[in-house]
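In: Predicted model and sequence follow; I will ask about them next.
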Amino acid sequence: MDVKNAFLNGELTEEVYMQLPPGFSQPPGFSPKVCRLRRALYGLKQASRAWFAKSTSLVCQVQLHHFSAPPFLSMVFQLVHMIQLCSSDAQIMGIQDLKRFLGQHFEMKDLGPLSYFLGLEVSSSSDGYYLTQAKYTSDLISRAGITDSKIVDTPIEYNNRLNTHDGEPLPDATLYRQLVGSLVYLTVTRPDISYAVHIVSQFMAAPRSLHYAAVLRILRYLKGTLFHGLHFSSQSSLTLQAYSDADWAGDPTDRRSTTGYCFLLGDSLISWRSKKQSVVARSSTEAEYRALADTTAELLWLRWLLQDLGIDCSTAVPIHCQTPLHHAILGENYDTAVYLLENGANPNAATNQGFTSLHYAAYKSCMVAGIEELLRLLISKGAKVDAISNCGTPLHNAAAFGKKDSVRILLENGANPNETSRDHASPLVVAIHVRSYECTYLLIKADANPSISSCGVTPLGSAASEGLIDIIRCLLCAKADSNVTNFYGLTPIEIAALQGDYGHVIILFPSTSPIPAIPDWSYGGIMKYINSHVHGSILQQRQQKLKKKILSLKSNGEGAFKRKHYILSLESKGQDAFKRNDYVGAVCINAYPSDATVLSNRSLCWARLNDGTHALSDAEACIALRPDWPKAYYRKGVAFKLLKDFVR
């Protein structure tokens, strides 16, 4: 419904006067006159308020009422926007009566079912509503003159820190300001560009060439995602949940942090924000607290709003985030962590991936003052030593980084050495994979199963493959089964023979049962048979499995990379392999790194995760395989730049 000349219907309560309009002549002999306004005019600052008062007083007469949410918490979004009334559901009883009632008081036009409204394109189906701004976006791209430009996969370059002095000043900032203003309105249906628009909107006063280039990049991203928008499903639950984060001191100009949050009602995104904090936070913990405070304020308002809409919000709403305690531990601010624990911080609060404070503390070095005491304090405050995350338990984390002191403390406090992660990896296999004899010894001493199999990888087979003679002896002393085969059907002694480790074959020989396929069951006979009969077959199997695995990684990794899920891109099917030092999952890439393309892609993923050390390692391995490939050297340069920035 469209109210014609809506603002002219508003009645003024204050005395407002204006000069006579041009062309109006007064009779001779009369003193000059002015007009007193009884109703509002367009351009009058009271016009919108007067129209709102008039329209709401009328609709309240037909048993509609105001929301009860306190106005001081947030702005109430109204269904009355300027001069158009949108009916959000054509099935509401009495809507025809409402239209007739409004038609008696205002001159109105029925625009039919809602499909286009102030740049918003609304389509409905049995599955819900879909909101886009495709036409608005297309017009914006045309105005910028980049209709023929290439598209990009992200709205902003990774780790791009714009400032006020880089680049040349724009001779005319008009177009920049127009584009940024339009992009701000576009975030109504495009939360994926909120952060990028938040960045470029900070330079409206004196934009430079680099800032304009960043705006054009956003538009090139929008060109490739023209029909992306919001979907409000009619099938999803009405359960509210929140996500919160903070970018501590991310602005190089003023070192203020950025708050980000979003709210989901079932599967539908209903509220989000990316905004710089008003003051400088002196630690990531403080920045996180401020972000949580903003998230909680928005949460309270949403709960009141949903209650007015008849949605039950009596249950607690989870806020998924890294807590201040997590930030304190990751930033090695152990005094802060102790203070938080002593003042009621929850040691079992977990991130969306299941990481708790104990997971983070477990892989910190006990050489750092205070970490051992912090581990014990976390456990004494009720931290669960066997809490499962995507990467396993805290014991998995400690073993993956070879932190023997953390392994010892966790085992002393009841950690289960045989608890497996979601991809069936045990802490023992993890410790062997990272070549940690001390962690292996501690785990076996704590009754870890020496014959456990993790995705076809056995502790003894892994030690034989890596040539770890001390660990082999340790496992044999713990009565590890030497006859358990791996995913290739090989026993540890065959794996040792494939590696050419004659000494390891001698050590494994007494505990291994004779294999019928090997005619000469002796040290030399095993070595000869494996190298003449098995080696070629195994290599062929490896190449077939490797090719299949690489194709799987490529298909999953590329999709994840385009979605900016860089960790998933590294992990492949959620195995968490590379992020956890690849202790079981990505056998083909880590055990047989023979594909330069895979190494190059993995180096890129590490770079996107801001991990220069791993990015450099993969880049150098890529150069070793293909020394004539320019991209390999480019990857190395990117890694060096990351490391250089880190040193700064």
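Out: On my side now, so go ahead. Nothing here was measured: the structure is a model prediction, and the numbers come from that model.
In: can you tell me which residues contact the residue nearest to C439 when sequence neighbours are not counted?
Out: Distances taken as Cβ to Cβ, 6 or more residues apart in numbering put A431 closest to C439, at 3.8 Å, once the chain neighbours are dropped. Where you see a C-beta, it was placed from the backbone N, CA and C, and this is true even at glycine. By Cβ atoms under 8 Å, 6 or more residues apart in numbering, the residues touching A431 are 399, 402, 407, 439-440, 443.
In: again, but for S453
Out: V484.
In: What segments of the stretch 301-450 of the chain are helices?
Out: For the stretch 301-450 of the chain, the helices defined by DSSP state H, counting those that start in this stretch cover 324-330, 334-342, 357-362, 371-380, 394-400, 404-412, 427-433, 437-445.
In: who wins for proximity to P22 among the ones you listed?
Out: P22 sits nearest to helix 324-330 of all those, at 64.1 Å, using Cβ to Cβ.
In: That closest one - contacts with which helices or strands?
Out: helix 284-308, helix 334-342, helix 357-362 (3 or more Cβ pairs under 8 Å, 6 or more residues apart in numbering; DSSP states H and E).
In: closest to F106 out of those?
Out: Across the helices and strands packed on helix 324-330, F106 has its closest neighbour in helix 284-308 (25.6 Å, Cβ to Cβ).
In: what mean pLDDT does that closest one have?
Out: On average, the pLDDT along helix 284-308 is 91.
In: That helix: which residues count as buried?
Out: Neighbour-count burial for helix 284-308, counted by 16 or more other Cβ atoms under 10 Å, picks out 284-292, 294-295, 298-299, 301-306.
In: Name the nearest of the contacts of A431 relative to W629.
Out: Sorting those by distance to W629 puts G402 at the head of the list, at 32.9 Å, by Cβ to Cβ.
In: Just to be sure, T253 is in a strand?
Out: No: counting by DSSP: H, G, I helix; E, B strand; the rest coil, T253 is not found in a strand; it is coil.
In: Hmm, it is touching N163, no?
Out: Yes: in this structure, T253 is within contact of N163 by Cβ atoms under 8 Å, at 5.2 Å.
In: of those two, who's got more company?
Out: Legend: neighbour count by other Cβ atoms under 10 Å for T253 and N163, higher for N163 (15 against 12).
In: do you know how far the more buried one is from I199?
Out: Look at N163 and I199: by Cβ to Cβ, to the nearest Å, they are 11 Å apart.
In: lowest confidence element among the helices and strands of this structure?
Out: helix 587-591 (a mean of 37; mean pLDDT, DSSP states H and E).
In: With just CA atoms, put stretch 395-409 into PDB.
Out: C-alpha atoms of stretch 395-409 as PDB (Å, rounded to 0.1, in the frame of the first residue of the first chain):
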ATOM      1  CA  LEU A 395      45.800 -34.500  25.300                       C
ATOM      2  CA  HIS A 396      45.700 -34.600  21.500                       C
ATOM      3  CA  ASN A 397      46.700 -30.900  21.400                       C
ATOM      4  CA  ALA A 398      49.600 -31.400  23.800                       C
ATOM      5  CA  ALA A 399      50.900 -34.500  21.900                       C
ATOM      6  CA  ALA A 400      50.500 -32.900  18.500                       C
ATOM      7  CA  PHE A 401      52.900 -30.100  19.600                       C
ATOM      8  CA  GLY A 402      55.200 -32.400  21.500                       C
ATOM      9  CA  LYS A 403      54.500 -30.700  24.900                       C
ATOM     10  CA  LYS A 404      55.700 -33.400  27.300                       C
ATOM     11  CA  ASP A 405      55.000 -31.400  30.400                       C
ATOM     12  CA  SER A 406      51.400 -30.700  29.400                       C
ATOM     13  CA  VAL A 407      51.000 -34.400  28.500                       C
ATOM     14  CA  ARG A 408      52.300 -35.300  32.000                       C
ATOM     15  CA  ILE A 409      50.000 -32.900  33.800                       C
END
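In: No further queries at this time; thank you.
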